[in-house]
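Novice: fold the following, please.
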Amino acid sequence: MRKILFFFLLAFGGFANAQYVVNYKKVADTYFENKDYYAAATFYKKALKITGDSSQVVLPYGKERKSATDDKVIEDYEGAIYNLAESSRLYREFNDAEKYYAIAITFTNTRYKKALFYYAESLRANKKFNQAIDAFQQFIQKNPGDPLTKDAKKEIESCKFAIEEMRFPRMIQVKKVPAGINGLGSNYAPVKINSELYFTSSRPVTVGSKRDMVKTATGEIQVSTKANPFINNIYTTKGEFSSAEIDVKKVDINFPKNIEIAAAAFTPDRNTMYFTAWKDKEKYAIYSSRKAGEKWSDPQPVGLQVNSKDFNSSQPFVTSDGKFLLFSSDRSGGYGKFDLWYCAIREDGSLGQAVNFGPDINTADDEHAPYYNTLTKKLLFSTDGRVGFGGLDFFESEGDLVNWSKPKNLGFPFNSSKDDLYFTASDDQGTKGYISSDRESSCCLEVFEVKKEYLSIAGLLTDCKTRLPLADADVTLTNAEGSQKMITGSDGIYTFKVDSKRPVKLLFAKDNYFAVTKNYLYEELAKADTLLDKEYCLSPFKLGIPITLENIYYEFNSAELTEPSKKVLDFLIPIMEDNPQMEIELSSHTDNIGTEEYNLDLSNRRAKSCTDYLESKGIAAARMTSKGYGESMPIEPNEIIVKRKKKDNPEGRAKNRRTAFKVIKK
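Specialist: Numbering: from 1, shown residues only. Presented below is the predicted three-dimensional model:
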């Protein structure tokens, strides 16, 4: 270990002497305190002498420390590694974060006990879901009283959810838009207005020879830059995004210096724009601006119904009818951190009182970037407060701003293991549009084009007896995402759309018909491109009216079923399974050969053998009654009169030796 320590002191000797040509660690600490995590990570790497070819530093554990100086070296080293991991995570560079947390989890100082949680979080973001589950479980075991254990349990469920979802991807095309839009910095919150795309970007803006000055305890350390990549502004571009040249322009809004703006939303007439504005270390607020010709008026805050110096309000969205403004805010009266809120937009443009979306939508964590389609009544938003892929995921709920269905995760690849937010539609139904995600970036949000596709499952439902289309039948499709239901018309046609190739169950039902369940397996759906077209029929029945089961035979003079007869009885198994409330009577009949007492006993034993067989196949005995009628209920004469003489009627006797069932309870 002495050789390792010697190497360590050489590599990190500046900490021991507290003398720097450039004090990289103090520069890094200053950036870290100011939440400039990209710059902080850069200078922590310089302080640790980590290059592109050297990302691991050996920690001298196992050595008996000789002096307080050695302890200071260890303390500075561990603090630098942990802050480097933190910086990497906070600017969303999870590959680096995973590497440095992997070192930090070996530290014994309790200051760094959260490293294991964030190591697991980084593994999850890097799609290493099984490893992440193990790490989260270790964190829970080692820190039973820590508040983060609740988050760790949710993260474990999210990892399991992600593993399952990625087995069955949704039918969604996701394509990054060209580099002209996805330039340097973050690019997000796209909005399509006719042929024009508005989006927010923190791309570099030339600032001449201005220098950023970072003060440290030992004096001023100058970090020279000719561009600042951290100022958010709204940009616009027109035309086809597939063209080689994309002309991107900053929207001309007259804002005071050092104000950043983001996330534009427009009224239906396109003449009023709402957006988020903020200044460093101040709260987010929502502003509006009116369009006059090709210019936008000086922006004005929208008012105290939305804004306050005591809380943040951001990410405005205007419904397509122009009646409501939706936004995200951490104002008081919510259910967690950032909640979704809405307020009415009056005819004069003023705003009504803000109303919370309620607990069906909001959680104890963050909800962001609402989008509501007034045509489909569907709300899309992002949250990290529900089981998903981790980070911010898109969820969808159906409702009317007051009542909402349970939000559903939109699955993979609409969502990723990183942050996904800011959906905007480019068609009326919301089947295509744009999202923002950092799924392919080491740090920043980028704009992606998305298009939902569907698999159509359709067919014709008929009456098995008449072969005519069956109207007014209930058809229910069920898969992992939930259920859809429709009622057939006079044409008997049923049709559904599904957005993933998960296994599907169809249930066909109508009063006085035996319900039928059919399953489409994953393998069948996976081979289908666009359409599955199937024809099914339902068999009618009348309560209490027997239906003869043809070709049920027993061993001679016995109640024992023959093997072919068992196959005929198998016909009843799916009927009983598909109609779980139904109860039946199984009856057996004989001809009149033998005594009445013998025939009654034989028929009882034969009927019982039928119910016993079905019970052995999983049908509950309580749903079946067995009854023998002997020779008492012939349906054909056992003998016929021919020329005034009695003659045996073999055909009639054969029909009388029958087994039947009837429905006694629906």
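Novice: test my guess that N258 contacts K279.
Specialist: Yes - N258 is within contact range of K279, at 5.9 Å (criterion: C-beta atoms under 8 Å). In this view, the C-beta of every residue, glycine as well, is placed from N, C-alpha and C.
Novice: and these two? Which one has more around it.
Specialist: K279 (14 against 8; other C-beta atoms under 10 Å).
Novice: just confirm the more buried one contacts E260, I think it does.
Specialist: Yes - taking C-beta under 8 Å as the definition, K279 is a contact partner of E260 at 7.3 Å.
Novice: overlap of the contact sets of the two?
Specialist: With C-beta atoms under 8 Å, 6 or more residues apart in numbering applied, the contact sets of K279 and E260 do not overlap.
Novice: now the helix or strand containing Y31: average pLDDT?
Specialist: Assigned by DSSP states H and E, Y31 belongs to helix 24-33. Average pLDDT, helix 24-33: 90.
Novice: okay, domains of this protein per the record?
Specialist: Domain ranges of the chain: 2-167, 172-207+230-452, 455-538, 547-665, per automatic domain parsing.
Novice: for K665, give its distance to A528.
Specialist: Distance, K665 to A528, by C-beta to C-beta, to the nearest Å: 39 Å.
Novice: comparing these two, which residue is more hemmed in?
Specialist: The neighbour count for K665 versus A528, taken as other C-beta under 10 Å, is higher for A528 (14 against 11).
Novice: my guess is that one contacts Y454, does it?
Specialist: No - contact criterion C-beta under 8 Å: A528 and Y454 do not qualify, at 11.5 Å.
Novice: and the spatially closest residue to Y522 that is not a sequence neighbour, how far from N479?
Specialist: In this structure, Y522 finds its nearest non-sequential neighbour in P503, 5.2 Å apart by C-beta to C-beta, 6 or more residues apart in numbering. With distances taken as C-beta to C-beta, P503 is found 7 Å from N479.
Novice: which one of the two has more residues nearby?
Specialist: N479 (20 against 16).
Novice: for the more buried one, give its distance to V318.
Specialist: 34 Å.
Novice: so where's the stretch 51-200 of the chain shaky on pLDDT?
Specialist: 51-72 (pLDDT under 70).
Novice: repeat that with 50
Specialist: 53-67 (pLDDT under 50).
Novice: also the stretch 351-500 of the chain?
Specialist: Short version for the stretch 351-500 of the chain, where the test is pLDDT under 50: none.
Novice: try 90
Specialist: Under the criterion pLDDT under 90, the flagged ranges of the stretch 351-500 of the chain are 390-391, 440-444, 455, 480-482, 499-500.
Novice: what's the pLDDT at T530?
Specialist: 67.
Novice: I253 now?
Specialist: 86.
Novice: and it, how many neighbours?
Specialist: Neighbours of I253 (other C-beta under 10 Å): 20.
Novice: can you name the residues that contact it?
Specialist: I234, I261, S289, W296, P299.
Novice: likewise A480?
Specialist: A480 touches F168, S500, R502, P503, counting by C-beta under 8 Å, 6+ apart.
Novice: now with 7 Å, please.
Specialist: R502 (C-beta atoms under 7 Å, 6 or more residues apart in numbering).
Novice: distance check, it against Y522.
Specialist: 11 Å.
Novice: shared neighbours of those two, anything?
Specialist: R502.
Novice: report pLDDT for G336.
Specialist: On the pLDDT scale, G336 gets 89.
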